[in-house]
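Engineer: Sequence below, structure please.
(chains A and B)
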Amino acid sequence: MATCKPIPDYPTRGVNDTPNYNIEIIIENKKLARDPEGETIAKELIERRGISTIKGIRSGKYLRFLVEAEKEEEAIRLVEKIASDLRIYNPVVHICNIRVMGEIK
Amino acid sequence: MKTAIIQFPGSNCDLDILHVLKNVLKVEAELVWHKDFKDSDFEAAVLPGGFSYGDYLRAGIIAAHSPAMEHVKEMVREGKLVIGICNGFQILVESELLPGALLTNQSMCFICKWVKVRVETDETPFTRHIERKTVLNMPIAHAEGRYVNDPEGIKELHENDQVIFRYVNSRGEISEDSNPNGSMDSIAGICNLERNVLGLMPHPERASEPVLSPFSDSDGLKLLSILRS
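Structural biologist: Numbering: from 1, shown residues only, chains lettered A, B, ... in the order given. Model prediction:
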């Protein structure tokens, strides 16, 4: 089976020929907050098929930001700031992972 | 008490609460579109149930960034009363006016049914006329009402007497069966430290006239009547 690959569906360069970066945000519940969606998928889809090597599933929310920035670090910093300042995640109950999908080629 | 009912795009219990406040309780209340809301015009505010901005990202988070919420925060600072019902509770939590989070129900289902909640404290302006441990009948109607907080947050809520309502069974006892959404400690409603902001998942406005209640009572009025003073 082919591995899922991102589709470069956005312009790779901004107006001043600045690179565009795809920055991903993945939000999932902390361990203290149960995740019924992940639990149901694990129990009703995976375990039911007798697959015992999947030890857990956590569901989450995925957002992809297309960021125009000179450097990758700058793009990450901006998204980190937005995620925190605008409460894209609720720090009491969520873990937020921010990562780069890479400059679109 | 001149009360604003703040309408967000998607609010749908606004007319219900208006009816109860105006026609049943004879409170001076009016609907205010969120963009037009000014705190100085009112002595109290209700954030009604329903939805807001499609509840995208998380229920209440987009409305929490509405300029109206800056005015609500000013009201709170001035000690005025603010009640958030259902989506209104979610907005208050996402605005950080109340602590914690309201996550998807443990059953993953939208739940619409009558529940029983126990009044945990009478040390708030909202419940000062209701005897502690009184059990009220009110309906819930939500998909994201599971109250969650970290252990320290839950401990603080109890220590500071901020838990106002908990889901109970017909004997008034906390039990797993009577917790409809998996809320931590069966929490159905809380207040802030200053005790002038109340958020609750049940709908008192749908339980304010005997004709609408399967129990022929009007328990919601016990809570909402404070806006009459």
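Engineer: Without its sequence neighbours, what residue ends up closest to the residue most central in space within chain A?
Structural biologist: The centroid of chain A falls nearest to residue A:26 when counting by CA atoms, centre = their mean (2.9 Å). Take residue A:26 and drop its neighbours on the chain: the residue closest to it by CB to CB, 6 or more residues apart in numbering or on different chains is residue A:97, 4.6 Å away. (Glycine included, C-beta is placed from N, CA and C.)
Engineer: contact partners of the helix ranked longest in chain B?
Structural biologist: Taking DSSP state H as the criterion, chain B has its longest helix at helix B:67-77. Contact with helix B:67-77 is made by B:6, B:8, B:34-35, B:37-39, B:42, B:44-45, B:47, B:63, B:82, B:91, B:95, B:97, B:192, B:194, B:196-197, as judged by CB atoms under 8 Å, 6 or more residues apart in numbering or on different chains.
Engineer: Likewise for stretch A:34-53?
Structural biologist: Taking CB under 8 Å, 6+ apart as the rule, stretch A:34-53 contacts A:28-29, A:54, A:56-59, B:104-108, B:182.
Engineer: Same list, those, but as CSV with distance to residue B:174 and pLDDT please.
Structural biologist: Below are those laid out as CSV (distance: CB to CB, whole Å; pLDDT from 0 to 100):
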residue, distance to residue B:174, pLDDT
A:28, 29, 97
A:29, 24, 96
A:54, 35, 95
A:56, 29, 94
A:57, 30, 96
A:58, 28, 95
A:59, 28, 96
B:104, 22, 96
B:105, 18, 97
B:106, 16, 96
B:107, 18, 95
B:108, 23, 94
B:182, 13, 98
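Engineer: Buried residues in the lowest-mean-pLDDT helix or strand in chain A, which are they?
Structural biologist: Least confident helix or strand, chain A: strand A:94-103 with a mean of 86, by mean pLDDT, DSSP states H and E. Buried residues in strand A:94-103, counting neighbours by 16 or more other CB atoms under 10 Å in any protein chain shown, are found at A:94, A:96, A:98.
Engineer: In its sheet, which strands sit next to it, and in what direction?
Structural biologist: Sheet pairing of strand A:94-103 (DSSP bridges) gives strand A:20-29 (antiparallel).
Engineer: which of the residues in whatever helix or strand comes next after the partner strand are buried?
Structural biologist: Later in the chain than strand A:20-29, the nearest helix or strand by DSSP states H and E is helix A:36-40. Neighbour counts using 16+ other CB under 10 Å place A:36, A:38, A:39 of helix A:36-40 among the buried residues.
Engineer: can you give me the angle the helix or strand following helix A:36-40 makes with strand A:94-103?
Structural biologist: Following helix A:36-40 in sequence order, the next helix or strand is strand A:60-68 (DSSP H and E). Comparing the axes of strand A:60-68 and strand A:94-103 via axes from the mean of the first three to the mean of the last three CA atoms, to 10 degrees yields an angle of 40 degrees.
Engineer: Low-confidence stretches in chain A?
Structural biologist: The model of chain A has pLDDT under 70 over residues A:1-12, A:14-15, A:102-105.
Engineer: just checking, what's the longest helix in it?
Structural biologist: helix A:72-85.
Engineer: Now it: buried residues?
Structural biologist: Those buried within helix A:72-85 under the rule 16+ other CB under 10 Å are A:75, A:76, A:78, A:79, A:82, A:83.
Engineer: what helices or strands is that helix leaning on?
Structural biologist: The contact analysis (3 or more CB pairs under 8 Å, 6 or more residues apart in numbering or on different chains; DSSP states H and E) places helix A:72-85 against strand A:20-29, strand A:60-68, strand A:94-103.
Engineer: Pull the residues that contact it.
Structural biologist: A:21, A:23, A:25, A:65, A:67, A:69, A:88-89, A:91, A:96, A:98, A:100, A:103.
Engineer: ok, of those residues, which one's closest to residue B:171?
Structural biologist: Minimum separation from residue B:171 among these (CB to CB) is found for residue A:91, which lies at 37.8 Å.
Engineer: who's in contact with residue 55?
Structural biologist: All of this refers to chain A. Residue A:55 makes contact with no residue, according to CB under 8 Å, 6+ apart.
Engineer: switch to chain B, that's the one I care about
Structural biologist: Under the criterion of CB under 8 Å, 6+ apart, the neighbours of residue B:55 are B:10, B:87, B:90, B:144.
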